[in-house]
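Asker: give me the fold of what follows.
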Amino acid sequence: MRAGSHAPSRIWPTGFDLLDTHLSGGFRSGELILLGGPQGLGKTTWVLQVARNVVRSGRAAVMFSFEHDAQTLLVRLVALEAGQIDEYDGPSVNRIREAFEATDGRGASLVDRLEDTIGGVQALETVHGYADRLMLHRSLGSSTTLETIRTVVEQVREETGQPPLVVVDYLQKVKVPNGSPEEEERTTDIVEGLKDMALDFDIPVLAVVAADKEGLESGRRMRVSHLRGSSALAYEADTVLLVNDKYDVVARQHLVYNVAHADRFHDWVVMSVEKNRAGKDGVTLELHKRFDQSRFEGDGRRVMEHLVDERVFTE
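Answerer: Coordinates of the predicted model:
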């Protein structure tokens, strides 16, 4: 109160409108947010899109990527921006990648290689416009520690003049020097360190979390208990978001009585707010995949179908 802190400055909208409504505006400074889910459902795509939305609002962000190099993420960003310009005819991720790798036989410069696409050159210009506020850090499980992350965050804060949103993809990959051989203890150290970082820098920290073997079984709805490593994940986090393939978690009657419609469930991801210290939890939303353009559609909607925790598949 003495500092005259402005409350809206502590709220970081994700850019996904319906989710932000249920999060009372978005993420908050000082919070640790976890995103979990099975492989292949676009967790990296989603957190990168959130970082992009944050920097497009004028703020800064840094993404620690243990899974992808900077060029791969840059290709995705350009494809995302092109898709926002023209959702139907914008160039695909594969087309953008061809231009970056100069395998399409077009021109000498990147602009030349994208000038025959709809929105490709404009997308490049858009990414260039916020590039000084978005850092993509190539992180390594063999060397990137919590101290490394802190150092980079301080560097971004100095260079941009503002504290950044921190994205870690993914949490279990962070190196713990002289850590325990037990994954549960290492995960506890990491999650506690990320929470401390969120509080110390007064920023939101968004971390992708791997699932255990049980949570990856077909026909099972992933829950917080399926996050791999430690009960500290659920305890320390302020917000926990989980994604599931809609086809895997709708009740059986939606698959049996309209098979043609059921196939379209694969185009949607169900995102559930499993924990939310800033508001209501137990909320289930669905996001439309546009992975050909490395993005989700930003509006989202409430899930209308009945969902199940587990479904037994029968012949």
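Asker: give the bridge partners for residue 11, please.
Answerer: Legend: beta-bridge partners of residue 11 under DSSP bridges are residue 28.
Asker: residue 276 now?
Answerer: Beta-bridge partners of residue 276, counted by DSSP bridges, are residue 239.
Asker: hang on, it packs against residue 34?
Answerer: No - at 11.6 Å, residue 276 does not count as touching residue 34 under the criterion of CB atoms under 8 Å. (Glycine included, C-beta is placed from N, CA and C.)
Asker: overlap in contacts of the two?
Answerer: Residues touching both residue 276 and residue 34 (CB atoms under 8 Å, 6 or more residues apart in numbering): 239, 240.
Asker: ok, residue 39 - how many residues close by?
Answerer: Using other CB atoms under 10 Å, residue 39 has 8 neighbouring residues.
Asker: likewise for the one 5 residues further on?
Answerer: Residues within reach of residue 44, counting by other CB under 10 Å, total 21.
Asker: mind starting the numbering at 540 from now?
Answerer: Sounds good: first residue 540 from here, last item residue 583.
Asker: quick one: secondary structure of it?
Answerer: State at residue 583, reduced to three classes by DSSP: H, G, I helix; E, B strand; the rest coil: helix.
Asker: same thing with the one 3 residues further on?
Answerer: Applying three-state DSSP to residue 586 yields a three-state assignment of helix.
Asker: what sits against it?
Answerer: Contacts for residue 586 (CB under 8 Å, 6+ apart) come out as 574, 602, 706, 708, 745, 747.
Asker: would a markdown table of those residues with pLDDT be doable?
Answerer: Compiled in a markdown table, the contacts of residue 586 are given as follows (pLDDT from 0 to 100):
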| residue | pLDDT |
| --- | --- |
| 574 | 97 |
| 602 | 98 |
| 706 | 98 |
| 708 | 96 |
| 745 | 98 |
| 747 | 97 |
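Asker: which ones among the residues you listed lie within strands?
Answerer: In this view, those that belong to strands under DSSP state E are 574, 602, 706, 708, 745, 747.
Asker: among those residues, which pair sits farthest apart?
Answerer: Largest separation among the ones in strands among the contacts of residue 586 by CB to CB: 574 and 602, giving 12.8 Å.
Asker: list the buried ones in stretch 763-779?
Answerer: Burial within stretch 763-779, assessed by neighbour count using 16 or more other CB atoms under 10 Å, is assigned to 763, 765-769, 771-773, 775-779.
Asker: mind putting those residues into a markdown table with secondary structure?
Answerer: What follows is those, written out as a markdown table (three-state DSSP):
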| residue | secondary structure |
| --- | --- |
| 763 | helix |
| 765 | helix |
| 766 | strand |
| 767 | coil |
| 768 | coil |
| 769 | coil |
| 771 | helix |
| 772 | helix |
| 773 | helix |
| 775 | helix |
| 776 | coil |
| 777 | coil |
| 778 | strand |
| 779 | strand |
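Asker: among those residues, which one lies nearest to residue 553?
Answerer: Distances from residue 553 to the buried residues of stretch 763-779, taken by CB to CB, are shortest for residue 778, at 10.4 Å.
Asker: my guess is the closest one contacts residue 812. True?
Answerer: Yes - counting by CB under 8 Å, residue 778 touches residue 812, with 7.2 Å between them.
Asker: more neighbours: residue 815 and residue 573, which one.
Answerer: Per other CB under 10 Å, whichever of residue 815 and residue 573 has more neighbours is residue 573, with 27 against 19.
Asker: against residue 738, how distant is the more buried one?
Answerer: 16 Å (CB to CB, to the nearest Å).
Asker: check residue 745 too.
Answerer: Residue 745 sits 15 Å away from residue 738, going by CB to CB.
Asker: what is the neighbour count of residue 589?
Answerer: 27.
Asker: swap that for residue 676, sorry
Answerer: Residue 676 - counted by other CB under 10 Å - has 22 other residues nearby.
Asker: quick check: which element contains the residue nearest to residue 783 when sequence neighbours are not counted?
Answerer: With sequence-adjacent residues excluded and distances taken as CB to CB, 6 or more residues apart in numbering, residue 783 is closest to residue 809, at 4.9 Å. Assigned by DSSP states H and E, residue 809 belongs to strand 807-815.
Asker: need the CA coordinates for that strand. CSV is fine.
Answerer: What follows is strand 807-815, C-alpha atoms only, in CSV (Å, rounded to 0.1, in the frame of the first residue of the first chain):
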residue,chain,number,x,y,z
TRP,A,807,-10.1,-30.2,-29.4
VAL,A,808,-8.1,-30.2,-26.2
VAL,A,809,-9.9,-30.1,-22.9
MET,A,810,-8.2,-27.7,-20.4
SER,A,811,-9.2,-28.1,-16.8
VAL,A,812,-8.4,-25.7,-14.0
GLU,A,813,-7.5,-28.2,-11.3
LYS,A,814,-6.3,-25.6,-8.8
ASN,A,815,-6.8,-21.9,-8.6
